[in-house]
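1. My questions are about this predicted structure, shown below with the sequence.
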Amino acid sequence: MSYAAFAERIASINDLLCAVSVMQWDARTMMPDGGAVTRGQQMATLSVAARDMLVADETLRLIDAAERETQSLAEDAPERRALAQARRAVLHHRRIPPDLQRRRTELRTVAQAAWIKARAESNFALFRPHLEAIVAMSREYAEAAGYATHPYDAMVGLFEPGETAASLTLLFDRLRMALVPLGRAVGAAAAGDIDVLAQPFAIADQEAFGRLVAERFGYDFSRGRLDPTVHPFEISFTRNDVRITTRYNANHLVPALQGTMHETGHGLYEQGIDPAFTRTALATDLIQLYAVGGASFGAHESQSRLYENHVGRSRPFWAVHYPLLQARFPAALGSLPFETFHRTFNTVRPGLIRVEADELTYDLHIMLRVEIEMALMDGSLAVRDLPEAWNALVKRDLGLDVPDDRLGVLQDIHWSSGYLGSFPTYTIGNVMAAQLFDVAKADPIVSAGLDDADYGPLRAWLGEAVHRHGRRFTRDELLIRATGRALDPAPYLAYLDGKYRALYGVAA
Ligand code: ZN
C-alpha cells in the first residue's frame, strides 16, 4: 500500500516531466519562432511544479513508509533502488536554495543571448562577464550541493554519478597519451584525401535511407518517429513514444545519416526499458528533473556511439548496405568504389570544431574542455585568461593554430546554458561503447548477425545487458554485470588503434 502511494506520486512527477519533454520536442521541430518566450515560461512552470512535488514533505513521508514496507527486499530490487534514488534527489534539491536556482535560470537566458552575439562577432570580451557569472554560480552551486574533494565533482556528478575530477583526470590522461600521437599520424596519412561524399544528395532519398537503417537497427516506428531539426536529439515520453531527429544537408551524405544512426542508438535504449518501469523513478532522472530511462548521460551516449560508430561505420555494415545506397543515389555513387566510399565515411581530419570532428580526434576536443572546466571551477584558471589557455591546448592536442575565438573558445553553446560538467559524458560514452561491443561481438550469435547485417541479436544482447534495466543499476554496475569490470579504456584504445592504422596504412 505504502509503496503504491509513493509510486503514484513519482508517476505524477514523471507525467509532468514528460509533458515538458513534449513541449521541448515541439519547440525544436515544429514551433514557430514566435512561440519561444511563452514556451519557455510554460516549460518552467511545469518543471517547478514537478520539483515542488518532489521536495514536498509529503514525498519524504511516502518514501519513509514505503521503505519500511520494502525493507525485506534485496538491496538492488527495483522498488528499493527507486526509493533510494527518490530520497537522494529530494535531499539534493533541498540543498539548492530556490534563489540560486532562479538566478541560474535567469542568467542562462541573458548569457545565451550574449554568447550568440559574441560568437557572431568573434569577440570573447562580450561573453566574458557572463561566463564569469556562470563560473561563480557553478562554484556556488557546487558548495550548496556538496562534494568530496574538488568542486567539479559536484557538477560532473549531476550528469555522470560516480565520476570526479580525480577519476576523469586519470582516465583522460591515459586516453590523451595514446590519441594525440595516433591522431597526428593518421591525420597526416589522410591529409591528401578528397571528400567524395560532398555532392548533391536529394533530401527525400536521404530520409528514406535513414529510415531504412533505423528500422534495421530495430527502432520501432510504431512507438517513435523521425523528424528534421537544427541540432539533432532524441527525446522520450515513456518507452511507448520515443522520438528521434536529424539534420539534412542537401550537399553532403554523411551528417544526416550519421545523426540518424546516433539518435537511433539513443532511441533503442529508451524503447527497450522494462515496461514495468514506465512512470517510475527508474525511468526518471529526478536530479536533473528529466524523464529519461538511461542509467547516466554517459551510458546513454554509449548506445548512440555504439550504433553510429561500431556498427554504422563498419565494413560489414557497408558491405551489405553500400549497394542499396548506390541504387538510391546512382548519379553520385554509381561508379564510386566501395573502398573509397568506406574510407571517406571514416575520414580523419584534425580540425578546430568539435561538432565536425571525426571519430578519432573527437575525444581530444572533449578532454581539453574538461581540463578547462576543472581549472575554472577550482580557480586555477581565470575567465580572462581562457582564450589563451584554449588556444594553447588546441595546439598541444590537435597541433592546430586557432585563428579567432569563433573557431575557438566561443564555438559551443554548453557554457552559456549555465552548465559546466556535461562534456565528460561524451567521451565516457565512447569508452563504454567499445567495452560493451567487445563483449557483445564475442557472442557467436551476435557476431554472425553483424556479418549478415542482422541486428536483432545485437539489440537483444544490449537489451538484456543495458536497455531493460533503465535506471535500476548504476553505469558501473551495468558494466560489471555485462563485461566483468567497471569502466575500462583498453578496448576503446585497441579499437581505434587497430581500425585507423589498418584503414590508413599507418604502422604501429
Ligand atoms: Zn548523443
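-> Sure thing, it's come through. Numbers count the residues shown, from 1 in each chain.
2. residue in this protein nearest to the ion?
-> residue 304 (4.1 Å; Cβ to the ion). For the C-beta atoms, the positions are set from N, CA and C on the backbone; glycine is no exception.
3. before we move on, which element is that residue in?
-> Secondary structure from DSSP states H and E places residue 304 in helix 297-305.
4. With residue 235 instead?
-> strand 234-236.
5. follow-up on the earlier one: after the helix holding residue 304 comes which helix or strand?
-> helix 315-328.
6. Could you list every helix and strand that that following helix packs against?
-> The helices and strands touching helix 315-328, judged by 3 or more Cβ pairs under 8 Å, 6 or more residues apart in numbering; DSSP states H and E, are helix 203-217, helix 330-333, helix 338-345, helix 444-451.
7. Adding distance to residue 468, write those helices out as TSV.
-> Shown next, in TSV, are the helices and strands packed on helix 315-328 (distance: least, Cβ to Cβ, whole Å):
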stretch	distance to residue 468
helix 203-217	17
helix 330-333	38
helix 338-345	32
helix 444-451	16
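8. And those helices: which comes nearest residue 411?
-> Closest approach to residue 411 among the helices and strands packed on helix 315-328 is made by helix 338-345 (24.2 Å; Cβ to Cβ).
9. what mean pLDDT does the closest one have?
-> Across helix 338-345, pLDDT averages out at 96.
10. In that helix, which residues are buried?
-> 341-345 (16 or more other Cβ atoms under 10 Å).
11. Just name the closest of these to residue 60, please.
-> The closest of those, once distances to residue 60 are taken by Cβ to Cβ, is residue 345, at 52.8 Å.
12. near the ion, which residues of the stretch 251-400 of the chain?
-> 301, 304 (Cβ under 5 Å from the ion).
13. no, scratch that, I was asking about the stretch 51-200 of the chain
-> Residues of the stretch 51-200 of the chain lying near the ion (Cβ under 5 Å from the ion): none found.
14. The stretch 51-200 of the chain: strands as residue ranges?
-> For the stretch 51-200 of the chain, applying DSSP state E, counting those that start in this stretch gives no strands.
15. show me where it has helices.
-> Per DSSP state H, counting those that start in this stretch, the stretch 51-200 of the chain carries helices over the ranges 57-70, 78-95, 98-121, 124-145, 151-159, 165-190.
16. got the contact list for the first one?
-> Yep, that's helix 57-70 we're talking about. Outside helix 57-70, the residues that touch it by Cβ atoms under 8 Å, 6 or more residues apart in numbering are 1-3, 5-7, 9, 53, 77, 79-80, 83, 86-87, 90.
17. So residue 227 is in contact with residue 248, correct?
-> No. Applying Cβ atoms under 8 Å, one finds residue 227 not in contact with residue 248, separated by 10.8 Å.
18. okay, which residue is most central for the chain?
-> Nearest to the mean C-alpha position of the chain, by Cα atoms, centre = their mean, lies residue 301 at 4.2 Å.
19. The residue nearest to residue 108 when sequence neighbours are not counted: neighbour count?
-> Nearest non-adjacent residue to residue 108, counting by Cβ to Cβ, 6 or more residues apart in numbering: residue 418, 4.0 Å away. Per other Cβ atoms under 10 Å, the neighbour tally for residue 418 reads 21.
20. Neighbours of residue 102, how many?
-> Using other Cβ under 10 Å as the criterion, the residues surrounding residue 102 number 12.
21. Oh, that last question was meant for residue 239, not what I typed.
-> So residue 239, with other Cβ under 10 Å, has 23 neighbours.
22. And what about it, helix, strand or coil?
-> With DSSP: H, G, I helix; E, B strand; the rest coil as the basis, residue 239 sits in coil.
23. for it, what are its contacts?
-> Residue 239 neighbours (Cβ under 8 Å, 6+ apart): 223, 270-273, 275, 278, 283, 293.
24. and the residue lying closest to it once chain neighbours are set aside, helix, strand or coil?
-> In this structure, residue 239 finds its nearest non-sequential neighbour in residue 273, 4.9 Å apart by Cβ to Cβ, 6+ apart. Following three-state DSSP, the label given to residue 273 is coil.
25. can I assume residue 273 is in contact with residue 284?
-> No. Taking Cβ under 8 Å as the definition, residue 273 is not a contact partner of residue 284, at 11.1 Å.
26. before we move on, the earlier item: report all helices and strands that the helix holding residue 304 contacts.
-> So helix 297-305, by 3+ Cβ pairs under 8 Å, 6+ apart, packs with helix 254-271, helix 424-440, helix 475-483.
27. Next, the buried residues of it.
-> Buried residues in helix 297-305 (16+ other Cβ under 10 Å): 297-305.
28. Just send those back as TSV, with distance to residue 151 too.
-> Putting the buried residues of helix 297-305 into TSV (distance: Cβ to Cβ, whole Å) gives the following:
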residue	distance to residue 151
297	19
298	20
299	24
300	25
301	24
302	27
303	30
304	29
305	29
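29. Pull the most distant pair out of those residues.
-> Farthest pair in the buried residues of helix 297-305, by Cβ to Cβ: 297 and 305, 12.2 Å.
30. Quick check: neighbours shared by these two?
-> By Cβ under 8 Å, 6+ apart, the residues touching both residue 297 and residue 305 are residue 429.
31. ok now the helix or strand harbouring residue 464, how far from the chain's centre?
-> Using DSSP H and E, residue 464 maps to helix 456-465. Computed by Cα atoms, centre = their mean, to the nearest Å, the chain-centroid distance of helix 456-465 equals 20 Å.
32. Give me the contacts around it.
-> Outside helix 456-465, the residues that touch it by Cβ under 8 Å, 6+ apart are 217-218, 268, 272, 303, 306, 311, 436, 440, 443, 445-446, 448-450, 478, 481-482.
33. In this protein, what helix or strand scores lowest on average pLDDT?
-> helix 98-121 (a mean of 89; mean pLDDT, DSSP states H and E).
34. What's the local residue count around residue 156?
-> 29.
35. what's the answer for the one 5 residues further on, then?
-> When counting by other Cβ under 10 Å, one arrives at 17 neighbours for residue 161.
36. Residue 463 now?
-> 18.
37. What separation do you get for it and residue 412?
-> 33 Å (Cβ to Cβ, to the nearest Å).
38. With residue 220 instead?
-> 33 Å.
39. Endpoint to endpoint, stretch 344-361 covers what distance?
-> Start-to-end span of stretch 344-361 (Cα to Cα, to the nearest Å) is 15 Å.
40. From the chain's centroid, how far away is that stretch?
-> Relative to its parent chain, stretch 344-361 has a centroid offset of 17 Å by Cα atoms, centre = their mean.
41. Same question for stretch 66-76.
-> 33 Å.
42. For stretch 410-417, buried residues please.
-> Those would be 410-412, 414-416, for stretch 410-417 by 16+ other Cβ under 10 Å.
43. Can you add pLDDT and give the residues you listed back as a markdown table?
-> Below are those laid out as a markdown table (pLDDT from 0 to 100):
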| residue | pLDDT |
| --- | --- |
| 410 | 97 |
| 411 | 94 |
| 412 | 93 |
| 414 | 91 |
| 415 | 94 |
| 416 | 91 |
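44. Just the closest of the residues you listed to residue 150, please.
-> Nearest to residue 150, judged by Cβ to Cβ, of the buried residues of stretch 410-417 is residue 415 at 18.3 Å.
45. ok, that closest one to residue 138 distance?
-> 9 Å.
46. Equivalent analysis for residue 366, please.
-> 18 Å.
47. ok so, going back, could you export the helix holding residue 464 as PDB, CA atoms only?
-> The C-alpha trace of helix 456-465 is given here as PDB (Å, rounded to 0.1, in the frame of the first residue of the first chain):
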ATOM      1  CA  GLY A 456      18.300  -8.400 -34.000                       C
ATOM      2  CA  PRO A 457      20.800 -10.400 -31.900                       C
ATOM      3  CA  LEU A 458      22.900  -7.300 -31.000                       C
ATOM      4  CA  ARG A 459      19.800  -5.500 -29.900                       C
ATOM      5  CA  ALA A 460      18.700  -8.500 -27.900                       C
ATOM      6  CA  TRP A 461      22.100  -8.600 -26.200                       C
ATOM      7  CA  LEU A 462      22.100  -4.900 -25.400                       C
ATOM      8  CA  GLY A 463      18.500  -5.100 -24.300                       C
ATOM      9  CA  GLU A 464      19.400  -7.700 -21.800                       C
ATOM     10  CA  ALA A 465      22.700  -6.100 -20.700                       C
END
